[in-house]
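predicted structure and sequence below. I'll ask about it afterward.
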Amino acid sequence: MEKITPSDLIAVGEVARRTGVAVSALHYYEQQGLIRSERTAGNQRRYRRHVLRRVSLIQVAKRMGIPLAEVAEVFRTLPDDRMPAKRDWERISRRWRALLEARRREIEQLEREITGCIGCGCLSLQRCRVLNPQDSLAERGPGATRLPAARTEPTE
């Protein structure tokens, strides 16, 4: 393992400043195993410089709607003690591109279903695949069965 010098490490405040991520979020990411810190003799956190890239990748994943559990799974395949190689980032990119493509197809299908539902005018929702698949709400009886029953006020 390589010898780490103090100049190779940066303080938590510096990581927060350079990434735009709150210190509390960095602590959370560390608790989740997404990043790792070293401790000084005074018990202060110090991060290796490559943590800046990990935190930036976490931010990109969040913007794309990729859950932290998925980020953690990908990070488990990366080296903790050095900067990930270009091939590591390419592998992550391919994996996430496939996730995003699947999500895009799901959204397009939802758009088609919503457009069909809005245009069909089926007030009974017997044909609506979005809100009432296979007319499953018919078993509950007539009316707006998804809404709670109106509360009756005592009359005087």
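Looks like it came in fine. Quantities reported herein were computed from a predicted structural model and do not represent experimental measurements. Numbering: from 1, shown residues only.

how is this structure divided into domains?
Listed domain ranges for the chain are 1-68, 85-139 (source: automatic domain parsing).

in a markdown table, list those along with mean pLDDT.
Shown next, in a markdown table, are those (pLDDT from 0 to 100):
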| stretch | mean pLDDT |
| --- | --- |
| domain 1-68 | 89 |
| domain 85-139 | 76 |
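
can you give me the strands for the protein?
For the chain, the strands defined by DSSP state E occupy 9-11, 37-39, 45-48.

hey, which helix is longest across the chain?
Criterion DSSP state H: the longest helix present in the chain is helix 86-120.

quick test: name the residue nearest the centre of the protein.
Compute the mean C-alpha point of the chain, and by CA atoms, centre = their mean the closest residue is Pro67, 2.6 Å away.

so how far is Val23 from that one?
Distance from Pro67 to Val23, counting by CB to CB, to the nearest Å: 22 Å. No exception for glycine: its C-beta is placed from N, CA and C like everyone else's.

and Tyr29, by the same measure?
11 Å.

pick out whichever of those two has more residues nearby.
Each of Tyr29 and Val23 has its neighbours counted (other CB atoms under 10 Å); Tyr29 has more, 22 against 14.

could I get the strands of the chain as JSON lines with distance to Arg91 and mean neighbour count?
Shown next, in JSON lines, are these (distance: least, CB to CB, whole Å; neighbours: other CB atoms under 10 Å):
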{"stretch": "strand 9-11", "distance to Arg91": "26", "mean neighbour count": "17"}
{"stretch": "strand 37-39", "distance to Arg91": "25", "mean neighbour count": "14"}
{"stretch": "strand 45-48", "distance to Arg91": "21", "mean neighbour count": "20"}
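
between those, which one is nearest to Arg63?
Closest of the strands of the chain to Arg63 is strand 45-48, at 21.8 Å (criterion: CB to CB).

and that closest one, what does it pack against?
Using 3 or more CB pairs under 8 Å, 6 or more residues apart in numbering; DSSP states H and E, the elements in contact with strand 45-48 are strand 9-11, helix 12-19, strand 37-39.

ok, Tyr29 touching Val55?
Yes. Between Tyr29 and Val55 there is a contact under CB atoms under 8 Å: 7.0 Å.
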